[in-house]
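Chemist: Here is a sequence with its predicted model. Questions after.
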Amino acid sequence: MRADLIIVHADQLLTMAHEGSESATGPFAGPDQGRIGLIEDGAIACLDGVIVAIGPTEEIMAQVQEDPDIVTIDARGKVVSPGLVDAHTHLVFAGTREREFELRARGATYAEIFAAGGGIHSTVRATREASKAELLELAKRRLQTMLEHGATTVEAKSGYGLDFDTEVKQLEVLMELSRRHPVDVIPTFMGAHAVPKDQDPEAFVTWLVEEAIPKIAIRGLARFCDVFCEKGVFTPEQTERILNAAKANGLGAKLHADELVDTGGAALAAKLGAVSADHLHCANLEGLAAMAEAGVVATLLPGTGVFLGMREHAPARKMVELGVPVAVATDFNPGSCFSESLPLMMSLAVTQLKLTPQEVWVAVTRNAAHAVGRGHRVGSLEVGKQADLVVWDAHDYRVVPYRMGINLVDTVVKLGKVVHRREARAQAQLV
């Protein structure tokens, strides 16, 4: 067997593979949510960006043809996992909102911040004013930080334009990033992020349905369409109208659902056959059961709840019990979770959502890949899939979420090529 890259002697190799699972090709749910597929003293061989063999080191080494040009990574004392998938981000925007962060700490409400000119509309103003080149540079730096924290596939939304030209500008930046950066970027059109100031909501929805979505789709600028289905933003009826238009134009459906109040967003996601429903802090059990039946992935965003000081978090344990496939993402954005670190979200998913470390690993790999329509290519280490891998400076997979706020990424491999390697730590000199 030929190979051009091989990783050997991993203390623990996490495959997230489907052997013995009822979820052979889909996301893992219920009892399978924690199926990490651990191989001790594991090895993985890759050729031309694709995985060609995986198993115990002795077995794989016996199969691989000797070649002095093979790149070999010795992973003794380390964990190897699939590349992480960040299934919910707002990557492209200008401006920051640290002043609001302070005001919230001093007790200001969202309504008070909004009335003072803050909130999403402050980001919309800054993003409209920024050039495409400026947005590209800002987003490139953020994407690089995500890569350095183990993400090899990232979904990213527009939604800070709320007009056609700026939405297109954001989506074009995402397309350019995906072409030029090692990370795969999956673009989502989210013109329905808010209703622009001084516009009639119904007229804005009509514009989205009849003009914006068809034009975005025909240009091939987005893979999905997302809607902020929330009280005071877009009603379930408006959301359904927008997402039906998106589906009619070949875009997949996603929802920001039941984040602040229960609007029935979970049930709507199931009805529409959405690929995912995200947030779900306030989702009711009937809606979650419908999501389980429909196979809709619940993408949970624990960093947002912590950042906003919410007392209640999404009912992740109930979701697992009901058989809803659970993913975890950063929700990276300037207003409610300004963090590019998926490992930090893994820690919060254990401590705040009460998921087990095994369930969280599946949530940021296999299930997250299915939440962005890439489960057939990434998210698990299986023969024939992309060689997207992370080597972690940890002897046990549980250490990664346990070391909260510490980046343990040692090496990132994308399509069989090393794209990031942490420099050796400086050794302190004893005197």
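Modeler: Cool, the structure landed.

Chemist: which stretches of the stretch 201-350 of the chain form helices?
Modeler: For the stretch 201-350 of the chain, applying DSSP state H, counting those that start in this stretch gives helices covering 201-207, 213-218, 236-248, 265-272, 285-294, 302-307, 316-322, 342-351.

Chemist: Let me know the average pLDDT across the first one.
Modeler: pLDDT averaged over helix 201-207 equals 98, rounded to a whole number.

Chemist: Tell me, how many residues neighbour Val50?
Modeler: Val50 has 14 neighbouring residues, counting by other Cβ atoms under 10 Å. (Glycine included, C-beta is placed from N, CA and C.)

Chemist: what sits against Pro334?
Modeler: Neighbouring residues of Pro334 by Cβ atoms under 8 Å, 6 or more residues apart in numbering: 90, 93, 95-97, 123.

Chemist: hmm, which of those residues are the buried ones?
Modeler: Buried subset of the contacts of Pro334 (neighbour count, 16 or more other Cβ atoms under 10 Å): 90, 93, 97, 123.

Chemist: From Phe332, how far out is the second one?
Modeler: Using Cβ to Cβ, to the nearest Å, one obtains 10 Å as the distance from Phe93 to Phe332.

Chemist: What of the third one?
Modeler: Shown here: Arg97 relative to Phe332, a distance of 13 Å by Cβ to Cβ.

Chemist: circling back: farthest pair in the buried ones among the contacts of Pro334?
Modeler: His90 and Arg97 (12.2 Å; Cβ to Cβ).

Chemist: how many neighbours does the spatially closest residue to Trp361 that is not a sequence neighbour have?
Modeler: Beyond its immediate neighbours in the sequence, the residue positioned closest to Trp361 (Cβ to Cβ, 6 or more residues apart in numbering) is Ile36, lying 5.3 Å away. A count of neighbours around Ile36, defined by other Cβ under 10 Å, yields 23.

Chemist: and if you look at Lys271?
Modeler: 17.

Chemist: cool, and Asn407?
Modeler: Per other Cβ under 10 Å, the neighbour tally for Asn407 reads 17.

Chemist: Ok, Thr206 next?
Modeler: Counted with other Cβ under 10 Å, Thr206 comes out at 13.

Chemist: swap in Val418?
Modeler: Around Val418 there are 15 residues (other Cβ under 10 Å).

Chemist: Tell me which residues touch it, please.
Modeler: Val418 makes contact with 5, 71, 73, 411-412 under the criterion Cβ under 8 Å, 6+ apart.

Chemist: Stretch 120-131: how far from the chain's middle?
Modeler: Between the centre of stretch 120-131 and the centre of its chain there are 23 Å (Cα atoms, centre = their mean, to the nearest Å).

Chemist: In it, which of the residues would be classed as buried?
Modeler: By neighbour count, with 16+ other Cβ under 10 Å as the criterion, the buried positions of stretch 120-131 are 120, 122-124, 126-127, 130.

Chemist: Pull the residues that contact stretch 207-214.
Modeler: By Cβ under 8 Å, 6+ apart, the surrounding residues in contact with stretch 207-214 are 164, 167, 189, 191-192, 225, 241-242, 245-246, 249, 251.

Chemist: mind listing what's buried in that stretch?
Modeler: Within stretch 207-214, the residues that count as buried by 16+ other Cβ under 10 Å are 207-209, 212-214.

Chemist: a markdown table for the residues you listed, including distance to Phe101?
Modeler: As requested, those are exported to a markdown table (distance: Cβ to Cβ, whole Å):
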| residue | distance to Phe101 |
| --- | --- |
| Trp207 | 33 |
| Leu208 | 30 |
| Val209 | 35 |
| Ala212 | 31 |
| Ile213 | 33 |
| Pro214 | 38 |
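
Chemist: nearest to Ala105, of these?
Modeler: Nearest to Ala105 among the buried residues of stretch 207-214, counting by Cβ to Cβ, is Leu208 at 35.0 Å.

Chemist: What separation is there between that closest one and Thr239?
Modeler: Taking Cβ to Cβ as the criterion, Leu208 is separated from Thr239 by 11 Å.

Chemist: between these two, what contacts are shared?
Modeler: Residues within reach of Leu208 and of Thr239 at once, by Cβ under 8 Å, 6+ apart, are Ala192.

Chemist: Just put the helices of the stretch 201-350 of the chain in TSV and tack on distance to Gln386.
Modeler: Below are those laid out as TSV (distance: least, Cβ to Cβ, whole Å):
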stretch	distance to Gln386
helix 201-207	38
helix 213-218	26
helix 236-248	27
helix 265-272	28
helix 285-294	27
helix 302-307	26
helix 316-322	27
helix 342-351	18
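
Chemist: and of the ones you listed, who's closest to Asp32?
Modeler: helix 316-322 (9.9 Å).

Chemist: For that closest one, list every residue counted as buried.
Modeler: Applying a neighbour-count criterion of 16+ other Cβ under 10 Å, the buried positions in helix 316-322 are 316, 319-320, 322.

Chemist: Stretch 151-163 now?
Modeler: In stretch 151-163, the ones that count as buried by 16+ other Cβ under 10 Å are 151-162.

Chemist: quick one: least confident helix or strand in this structure?
Modeler: Every helix and strand of the chain was ranked by mean pLDDT, DSSP states H and E. The lowest is helix 110-115, at a mean of 74.

Chemist: so what does the helix or strand following that one touch, helix or strand wise?
Modeler: For helix 110-115, the following helix or strand on the C-terminal side (DSSP states H and E) is helix 120-129. Helices and strands in packing contact with helix 120-129 are listed as helix 164-180; criterion 3 or more Cβ pairs under 8 Å, 6 or more residues apart in numbering; DSSP states H and E.

Chemist: what angle separates the helix or strand just after the helix it packs on from helix 164-180?
Modeler: Read in the C-terminal direction, the helix or strand following helix 164-180 is strand 184-192, with elements assigned using DSSP H and E. With axes from the mean of the first three to the mean of the last three Cα atoms, to 10 degrees defining the directions, strand 184-192 sits at 170 degrees from helix 164-180.

Chemist: Summarise which helices and strands strand 184-192 is packed against.
Modeler: Contacts of strand 184-192 with other secondary structure elements, assessed using 3+ Cβ pairs under 8 Å, 6+ apart, are made with strand 151-157, helix 164-180, helix 213-218, strand 224-229, helix 236-248.

Chemist: So which of those is nearest Val79?
Modeler: If you check each of the helices and strands packed on strand 184-192 against Val79 by Cβ to Cβ, strand 151-157 wins as the nearest, at 15.6 Å.
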